[in-house]
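1. Any chance you can model this:
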Amino acid sequence: MFSNRFFRTIILSRILLQLGIWIRNFAILLYVTEVTSNDPSAISLISVAEFAPIFVFAIIGGTFADRWKPKRTMIGCDLLSAVSVLGVWLALLSGSWQGLLLTTLVSAVLSQFSQPSGMKLFKQHVPEDQLQAMMGMYQTIMAVFMIIGPLLGAFVYQHYGIEIAIVAAAILFCGAAAILLLLPRDAKLERTPQTASFRRELAEGLHYVWGQHALRSLGFTFAATGLASGLTQPLALFIAIDNLGQDKSFLQYLLVVSGAAMLVGGGVVMSIGKKAGPRRLLLFGLSASALATLGTGWSESIPLTLALLMLGGFCVPLIQAGISTIIIQNTDAAFIGRVGGTITPMFTGMMVIGMSLSGVLMAAWTLPLVYSLSALIFVIAVFTVKLGSRARESSPKITPQV
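-> Numbers count the residues shown, from 1 in each chain. Sure, this is the predicted structure:
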């Protein structure tokens with residue numbers, strides 16, 4: 001897998017990019033928290049700036065990713081992210097913390113153009129038998145930064161301040177762009193006048209996803225997974241306090257166990273990538289997640305809860321790698337950006353909805369019942385995968401007009 005030049009290049013570039021993103025985002029978060037005296041409204045605006053572009057720009061960015069050359073698009077987005085850091089300087093000079101939100105918003109918008117271009121490059125340069133293993137490695141790196149990213153961002157800010165943090169982020173963004181120059185040259189894009197219209201290509205992308213039952217059911221699976229995950233994500237603290245009788249500091253141990261299990265799951269995906277099909281991985285991940293979620297909600301035993309959290313964390317890269325691999329395998333290269341831009345917001349949007357409903361349901365019901373509902377939604381996701389598999393052969397395939 002590491003003998004693939006494309007894979008080595010894209011992984012190293014994304015490592016630098018993730019370092020820059022986490023250092024910048026956490027520096028901004030801690031700075032805003034400090035200057036606003038822990039104002040929850042200000043802190044929530046940061047989350048809005050990070051998530052809102054996914055709903056607005058995902059399908060737009062995916063459409064442009066299909067129209068533009070992917071390597072050039074990713075390099076341009078990384079460089080623009082570096083330039084956007086200048087907005088932090090202007091905000092600091094003006095003394096307005098609201099200006100910092102604009103930098104986060106701009107970077108989040110740029111990522112909606114860069115990410116689908118990355119998937120398109122995977123489609124072009126990765127052999128079919130290595131695709132799932134490489135996607136597993138990619139998801140493992142994301143899991144690593146979910147653990148160490150906040151620690152690195154907090155460390156840089158606390159020891160060097162907001163100015164050094166944003167300079168470091170800009171340098172890392174430029175480094176990520178420079179490494180992408182090592183990728184093979186983009187293939188020449190050819191279009192007929194009939195497909196040159198952005199509006200037409202946007203509509204064709206939506207029709208492409210809806211017209212294929214396999215992709216449509218995968219979108220429902222991703223949405224159900226996001227909703228199930230969002231329902232329980234804010235409630236981990238209550239698992240430590242209500243179910244296990246510990247204080248809030250015990251939450252860190254639950255998160256560490258879950259995060260470490262994600263790393264193991266990513267390693268397993270890499271090792272069995274050629275042996276287990278993506279649908280099998282996805283079905284196992286969703287089924288095991290349902291069991292782990294149900295047990296976590298009802299368990300009052302610390303060892304059992306930790307074991308269940310390990311199982312749930314282990315399944316996260318299996319689910320993500322399975323879905324990503326299925327999307328790439330079942331999508332024509334000309335539609336990769338638009339398919340990703342259509343399906344990805346389903347997960348994020350439903351996750352945000354689940355997070356907003358979790359507190360309300362917790363107040364109306366009990367903690368075990370909320371976790372049971374989440375487990376039920378995971379079970380529903382299992383059935384949507386099976387339905388999509390059955391319809392795969394009978395689903396008509398729409399070919400791009402290029």
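2. Listing request: residues of the stretch 101-250 of the chain with sub-threshold pLDDT.
-> Low-confidence segments of the stretch 101-250 of the chain (pLDDT under 70): 139, 143, 146-147, 187-196, 198.
3. Scan the chain for its longest helix.
-> When the chain is parsed with DSSP state H, its longest helix is helix 128-180.
4. after that one, next one along is what?
-> Next helix or strand after helix 128-180 toward the C-terminus (DSSP states H and E): helix 198-211.
5. Mind giving me the packing neighbours of that next one?
-> Judged by 3 or more Cβ pairs under 8 Å, 6 or more residues apart in numbering; DSSP states H and E, helix 198-211 is in contact with helix 40-67, helix 213-232, helix 336-364. C-beta: built from backbone N, CA, C; applies to glycine.
6. in that helix, what counts as buried?
-> For helix 198-211, burial by neighbour count (16 or more other Cβ atoms under 10 Å) applies to E201, L202, E204, G205, Y208, V209.
7. what's the spacing between the closest residue to N330 other than its chain neighbours and M74?
-> Closest residue to N330 apart from its sequence neighbours, by Cβ to Cβ, 6 or more residues apart in numbering: A214 at 5.7 Å. With distances taken as Cβ to Cβ, to the nearest Å, A214 is found 27 Å from M74.
8. And the two? Which one has more around it.
-> Neighbour comparison, A214 and M74: the larger count goes to M74, with 29 against 25 (by other Cβ atoms under 10 Å).
9. residues contacting that one?
-> S13, S114, S117, G118, L121, A177, L180 (Cβ atoms under 8 Å, 6 or more residues apart in numbering).
10. Let's see that with 10 Å instead.
-> Under the criterion of Cβ atoms under 10 Å, 6 or more residues apart in numbering, the neighbours of M74 are 10, 13-14, 17, 65, 68, 110, 113-118, 120-121, 176-177, 180, 183.
11. cool, and F220?
-> Here F220 is in contact with I343, M346, I380, A381, F383, T384, V385, L387, G388 (criterion: Cβ under 10 Å, 6+ apart).
12. Can I get the buried ones among the residues you listed as something I can paste into ChimeraX?
-> Only the buried members of the contacts of F220 enter the following ChimeraX selection, criterion being 16+ other Cβ under 10 Å:
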select :343,346,380,381,384,385,387,388
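13. Looking at pLDDT only, which of the contacts of F220 scores worst?
-> By pLDDT, G388 ranks lowest within the contacts of F220, coming in at 68.
14. In a markdown table, list the helices and strands packed on helix 198-211 along with distance to S287.
-> Output for the helices and strands packed on helix 198-211, formatted as a markdown table (distance: least, Cβ to Cβ, whole Å):
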| stretch | distance to S287 |
| --- | --- |
| helix 40-67 | 27 |
| helix 213-232 | 12 |
| helix 336-364 | 18 |
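15. and those helices, which is most packed in?
-> Mean neighbours per residue, mean count of other Cβ atoms under 10 Å, is largest over these for helix 213-232, with a mean of 23.
16. can you give me the angle it makes with helix 336-364?
-> Angle of helix 213-232 versus helix 336-364, following axes from the mean of the first three to the mean of the last three Cα atoms, to 10 degrees, is 30 degrees.
17. next structured bit after helix 213-232?
-> Next helix or strand after helix 213-232 toward the C-terminus (DSSP H and E): helix 236-238.
18. Pull out the buried positions in that next one.
-> Neighbour count says helix 236-238 has F238 buried, by 16+ other Cβ under 10 Å.
19. Going along the chain, name the helices of the stretch 251-400 of the chain.
-> Secondary structure of the stretch 251-400 of the chain by DSSP state H, counting those that start in this stretch: the helices cover 251-271, 278-298, 302-329, 336-364, 367-391.
20. sorry, back to before: indicate which one of the helices and strands packed on helix 198-211 is closest to S374.
-> helix 213-232 (4.4 Å; Cβ to Cβ).
21. closest to H125 out of the helices and strands packed on helix 198-211?
-> Across the helices and strands packed on helix 198-211, closest to H125 is helix 336-364 (Cβ to Cβ), at 12.4 Å.
22. closest one to T293 among the helices and strands packed on helix 198-211?
-> helix 213-232 (6.3 Å).
23. pull the CA atoms of that closest one into CSV?
-> Output of helix 213-232 as CSV, limited to C-alpha atoms (Å, rounded to 0.1, in the frame of the first residue of the first chain):
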residue,chain,number,x,y,z
HIS,A,213,-31.2,2.7,-5.6
ALA,A,214,-27.8,1.5,-4.2
LEU,A,215,-26.6,5.1,-3.7
ARG,A,216,-29.9,6.3,-2.5
SER,A,217,-30.1,3.6,0.2
LEU,A,218,-26.5,4.4,1.2
GLY,A,219,-27.5,8.0,1.8
PHE,A,220,-30.3,6.8,4.1
THR,A,221,-27.8,4.6,5.9
PHE,A,222,-25.4,7.5,6.4
ALA,A,223,-28.3,9.7,7.6
ALA,A,224,-29.4,7.1,10.1
THR,A,225,-25.8,6.6,11.3
GLY,A,226,-25.4,10.3,11.9
LEU,A,227,-28.7,10.6,13.8
ALA,A,228,-27.9,7.6,16.0
SER,A,229,-24.4,8.9,16.7
GLY,A,230,-25.7,12.4,17.5
LEU,A,231,-28.3,11.2,20.0
THR,A,232,-25.6,9.8,22.3
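24. Also compute the angle for that helix relative to helix 302-329, please.
-> 150 degrees.
25. quick check: angle from helix 213-232 to helix 367-391?
-> Per the same axes, to 10 degrees, the angle that helix 213-232 makes with helix 367-391 is 170 degrees.
26. was I right about K120 contacting T73?
-> Yes: contact criterion Cβ atoms under 10 Å: K120 and T73 qualify, at 8.8 Å.
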